[in-house]
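# My questions concern the predicted model and sequence given below.
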Amino acid sequence: MDDADSVFDEPLTGLKQQAWLERFAEVVNAHGSFTSLDSRHSAALLERGATLLVTFETIEGLRTLSAEDQPLGWSMSKSHGWSHLCLLSSGDTWFRAQSVYNYFDSLIDDGFFDEYSNVVFYGAGPCGYAAAAFSVAAPGSKVLVIQPQATLDPRVTEWDDRFVEMRREDFNTRFGYAPDMIDAADHVYVAYDPMQQLDAMHAALFTRSNVTKLRMRFFGSTLQSDILSLDMLTTMLERTESGELDYVSFARLFRRRRNSRRYLRGLLMHLTQQERINLGRVVATNVSQRIRGPFFLNWLRDHPVDTGDDE
């Protein structure tokens, strides 16, 4: 095994958050460089190949999503030989901090991003906002964001009442309004569930000529977890890097949803609400035969064939 790969085998599980961060810093420094930006933000760099993946992640999120308590980007670095820059936050901060701005300013001044042939930014939710916003630091980069917010400036998104505690933060100065920050990107892919009204409204603000919107109906509010559970993220990042993540390729990849209980439950509940009971029976019957989930069997029991059904 290449010595550079040994970083991915370092044990990081079973530690409390501060102990995890200290151990993570030790591991990264042994194979790359770790920079503490302030009490809530840090950056971890592993230099490997000519493609750089820049991910924005929360400590809590990565430890929930990864069985190894490792950044999501490490899997791409290990399997594809990509370099990886992970921006970490403790909690959801949207990375609105002067220390983070200063860090990216230093990367720009040093011509850091120019050293790579391809740069890909990735994040989800608040981290998706940050990935889009900071992509301006690397003109020509490609961006994949899941359920991103465009801004939390109440003068623009007063309709979003999910993050009212963040309305005091400044989303208008450096790296502020994410849809404007992606103008220099080569291409941006925005994944969201159009049935989630607030997410769809934010996605609408990202409408640009260099943006492709990837609609994932009936999944709800945890798209990143669902994408990981369907083993789609690696392929999505690959195709983002190559510029091949178009509507057709995504539609083919998205066929994996046929085995997602979360998607199928969402679809069935939508059909039920729309009173399309006969079509619901077709879905529930098919799923119960393939997956045999009790939810679908119970639904069929509660919706027996009714010859008087208008459908």
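Arrived safely.
# what sits up against stretch 178-190?
Applying C-beta atoms under 8 Å, 6 or more residues apart in numbering, the contact partners of stretch 178-190 are 121, 129, 132-136, 139-145, 148-151, 175, 203, 205-208, 210-214, 236, 240, 243, 245. C-beta here means a position set from N, CA and C on the backbone, and glycine is covered the same way.
# hmm, try it at 6 Å
Applying C-beta atoms under 6 Å, 6 or more residues apart in numbering, the contact partners of stretch 178-190 are 129, 132-133, 135-136, 139-145, 150, 203, 205-206, 210-214, 240, 245.
# do stretch 75-95 as well
Contacts of stretch 75-95 (C-beta under 6 Å, 6+ apart): 8, 40-49, 51-59, 71, 73, 126, 129-130, 237.
# for the host helix or strand of residue 155, which positions count as buried?
Residue 155 is part of helix 154-157, with elements assigned from DSSP states H and E. Across helix 154-157, burial judged by 16 or more other C-beta atoms under 10 Å covers residue 157.
# now do stretch 165-184
Buried residues in stretch 165-184, counted by 16+ other C-beta under 10 Å: 166, 169, 171, 174-175, 177-182.
# Repeat that for stretch 297-307.
Neighbour-count burial for stretch 297-307, counted by 16+ other C-beta under 10 Å, picks out 299, 303.
# Please apply the same query to stretch 140-160.
Counting neighbours by 16+ other C-beta under 10 Å, the buried set in stretch 140-160 is 141-153, 157, 160.
# Would you mind pulling the contact partners of it?
By C-beta under 6 Å, 6+ apart, stretch 140-160 touches 119-125, 128-129, 131-132, 135, 163, 166-167, 171, 177-179, 185-192, 198-199, 202, 205, 223-224, 240.
# just stretch 255-270 next, same as before
Outside stretch 255-270, the residues within contact range by C-beta under 6 Å, 6+ apart are 218-219, 226, 230, 280, 283-284, 287, 293, 295.
# Mind giving me the PyMOL select for those residues, buried ones only?
To isolate the buried subset of those in PyMOL, counting by 16+ other C-beta under 10 Å, use the following:
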select buried, resi 218+219+226+230+280+283+284+287
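# Rank the contacts of stretch 255-270 by pLDDT and give me only the lowest.
In terms of pLDDT, residue 293 ranks lowest among the contacts of stretch 255-270, with 76.
# separation between it and residue 259?
Here residue 293 is placed at a distance of 11 Å from residue 259 (C-beta to C-beta, to the nearest Å).
# What values do phi and psi take at residue 44?
When read as degrees, to the nearest 10, the backbone of residue 44 gives phi -130, psi 120.
# doesn't residue 34 make contact with it?
Yes: using C-beta atoms under 6 Å, residue 44 is in contact with residue 34, at 5.1 Å.
# higher neighbour count, the two?
Legend: neighbour count by other C-beta atoms under 10 Å for residue 44 and residue 34, higher for residue 44 (24 against 20).
# picking that back up, then the next helix or strand after the helix holding residue 155 to PDB, C-alphas only?
Once helix 154-157 ends, the next helix or strand along the chain (criterion: DSSP H and E) is helix 178-181. What follows is helix 178-181, C-alpha atoms only, in PDB (Å, rounded to 0.1, in the frame of the first residue of the first chain):
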ATOM      1  CA  ALA A 178     -24.000  32.500  -3.600                       C
ATOM      2  CA  PRO A 179     -25.800  32.800  -7.000                       C
ATOM      3  CA  ASP A 180     -23.600  35.700  -7.900                       C
ATOM      4  CA  MET A 181     -20.500  33.800  -6.800                       C
END
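# all strands for the protein, in order.
Using DSSP state E, the strands of the chain run over residues 33-36, 41-46, 51-58, 83-89, 118-124, 142-146, 187-192, 211-215.
# who wins for proximity to residue 103 among the ones you listed?
Nearest to residue 103 among these is strand 41-46; the distance by C-beta to C-beta comes to 6.1 Å.
# Check which helices and strands the closest one sits against.
Packing partners of strand 41-46 (3 or more C-beta pairs under 6 Å, 6 or more residues apart in numbering; DSSP states H and E): strand 33-36, strand 83-89.
# Could you dump those strands into a markdown table with mean pLDDT added?
Output for those, formatted as a markdown table (pLDDT from 0 to 100):
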| stretch | mean pLDDT |
| --- | --- |
| strand 33-36 | 97 |
| strand 83-89 | 97 |
